[in-house]
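Trainee: Here is my input, please return the structure:
(2 chains)
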Amino acid sequence: MCIAVPGKILSVEGNTAEVDFSGARRKVALDLLAEAKKGDFVLVHAGFAITLLEQSEAEKTLELFKEIYGHQEPAKR
Amino acid sequence: MAIKSRRSADRFASPLWHDGALAAAALKEMRELAAKAREASGRVSSLMEVCGSHTMAIAAGGMRRLFPKELKMLSGPGCPVCVTSQGDIDMALELAARPGVIVATFGDMLKVRGSDGTDLQAMREKGASVNIVYSPADALELAQENPGRQVAFLGVGFETTAPVIAGAVRRARAEKTGNFSVLSLFKLVPPALELLLKDTGHKISGFMLPGHVSAVIGLEPYRFVPEKYSVPCVITGFEPLDILAGINMLLRQIISGRPSLESEYGRAVKPAGNPRAVEVMNEVFSVTDARWRSIGVIKNSGLGLSPAFSAFDAARRFGLKYRNAPEPKGCLCGAILLGKAAPADCALFGGACTPSDAVGPCMVSSEGACAAWFKYGG
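Mentor: Down below sits the predicted model:
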């Protein structure tokens, strides 16, 4: 139920954004995220953007994964 | 192609989030950590995934059978349809039976049985107006397109969903859509955690906290868990590597003996959450006691329409009266929601109760523990 999908804002008109979800486009309400603007990545739940997604934080987490897990021998399945 | 290059720059869709080699290494580390955690604490680490989306992701990823034996993942009360009390389900069905009312709902509620054995889908087949919507904004539009009828939205969910519904209610007031209302059955996550923590017969070693509830409420509302109850907490994302990393972070806290509140999901969860969403939620709703399936009333654990928005309260508008109702006979949903039983412990599981003919809501909702076990195996 709390599923939220990341998408990229293509344009903003009033408190509605056109968002690209890996190719599919949908209108998204910005009532809860007035600061969102074109080019931002947002997390969308039930048609409303609920938070901005941070590329730099995603990058940091991925780098951390690579650092911790990248050099280990894989586990035997 | 423009779309392709844009996608490759998109770190949220990176294949690294489910990279097999990284996951295998994370699992290898998990085995070492789980063994150490057992030594340090003297028992198997029982970690609870509070969110139904985590339950689904763990099941869909086939992770449970890869976890070490010193680690037990328990499903918690994080499936909103599942935690809705039988009496509240009955009220939702009563709404659909009212002449002139169109019920708008997320799809999860469609096949949850009322006390009399019927469900919204069956009622719809018999002529009741029940519309599945993707967004409450669609429900609002439905009300505006049908001015001669009443549109009542079934407000089931946690802090991720409540602000979204609050946003729609604010729009309804601004656009003077008087024929729109909400049956508010929203629940709050932190009071449910406290209930689990107060249950001394239930030793939870750590909580994998819900990523998207946290994107709204931030970190602070969970602070009491490590500080008052000394139980580790990690806010976790939903990709396979997020989940493995979240578990490993919890195990490290157990080994160190220093429970704390950490977040693995920094890309979506800011420490303060989304203050605007919280503000809108608190404007439209106020905290109230709520009834949880098989648990009963938990004080201050739910949301009702605030006095300023009470005109949009469907229970009030339609004079709905709550009646206590017993849960289906033999159904273990209640124990499963508290992590005290696994779906396979239920005598009905897979026989009398299947997703196509579900007895309890844990088998109905796509996020219910029983549905996840049935679909993907335990």
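Trainee: For chain A, what's its nearest residue on the stretch 1-150 of chain B.
Mentor: Residue nearest to chain A within the stretch 1-150 of chain B: B:Ser135 (2.6 Å; CB to the nearest CB). C-beta here means a position set from N, CA and C on the backbone, and glycine is covered the same way.
Trainee: pretty sure that residue contacts B:Ile165?
Mentor: No - between B:Ser135 and B:Ile165 there is no contact under CB atoms under 8 Å: 9.8 Å.
Trainee: Can you get me a residue count around whatever residue of chain A ends up closest to chain B?
Mentor: Closest to chain B within chain A is A:Gly47: 2.6 Å, counting by CB to the nearest CB. A:Gly47: 20 surrounding residues under other CB atoms under 10 Å in any protein chain shown.
Trainee: Quick check: phi and psi at the nearest residue to it once chain neighbours are set aside.
Mentor: Once flanking residues are discounted, A:Gly47 sits nearest to B:Ser135: 2.6 Å by CB to CB, 6 or more residues apart in numbering or on different chains. Dihedral pair for B:Ser135: phi -140, psi 150, per degrees, to the nearest 10.
Trainee: Check B:Ser135 and give its pLDDT.
Mentor: As predicted, B:Ser135 sits at a pLDDT of 96.
Trainee: Sketch out the low-pLDDT regions of chain A for me.
Mentor: A:1, A:71-77 (pLDDT under 70).
Trainee: biggest strand in it by residues?
Mentor: When chain A is parsed with DSSP state E, its longest strand is strand A:5-13.
Trainee: which strands and helices sit next to that one?
Mentor: strand A:16-21, strand A:24-29, strand A:41-45 (3 or more CB pairs under 8 Å, 6 or more residues apart in numbering or on different chains; DSSP states H and E).
Trainee: Tell me which of these is the most buried.
Mentor: Highest mean neighbour count of the helices and strands packed on strand A:5-13: strand A:41-45, a mean of 24 (counted as mean count of other CB atoms under 10 Å in any protein chain shown).
Trainee: For burial, what's the neighbour tally of B:Gly350?
Mentor: Neighbour count of B:Gly350, defined by other CB under 10 Å: 14.
Trainee: So it sits against B:Gly377, correct?
Mentor: No - using CB under 8 Å, B:Gly350 is not in contact with B:Gly377, being 10.6 Å away.
Trainee: in the stretch 201-350 of chain B, which spans are strands?
Mentor: B:206-210, B:233-236, B:261-263, B:285-292, B:296-305 (DSSP state E, counting those that start in this stretch).
Trainee: and what of the stretch 51-200 of chain B?
Mentor: B:71-75, B:101-105, B:129-132, B:150-155, B:180-184, B:186-187.
Trainee: Look at the nearest residue to B:Ile132 once chain neighbours are set aside and say how many residues are nearby.
Mentor: Distances taken as CB to CB, 6+ apart put B:Gly107 closest to B:Ile132, at 4.9 Å, once the chain neighbours are dropped. Counted with other CB under 10 Å, the neighbours of B:Gly107 add up to 14.
Trainee: What is the burial count for A:Cys2?
Mentor: Neighbours of A:Cys2 (other CB under 10 Å): 28.
Trainee: Just list the residues touching it, thanks.
Mentor: A:45, B:51-53, B:78, B:80, B:157-158, B:160-161, B:210-213 (CB atoms under 8 Å, 6 or more residues apart in numbering or on different chains).
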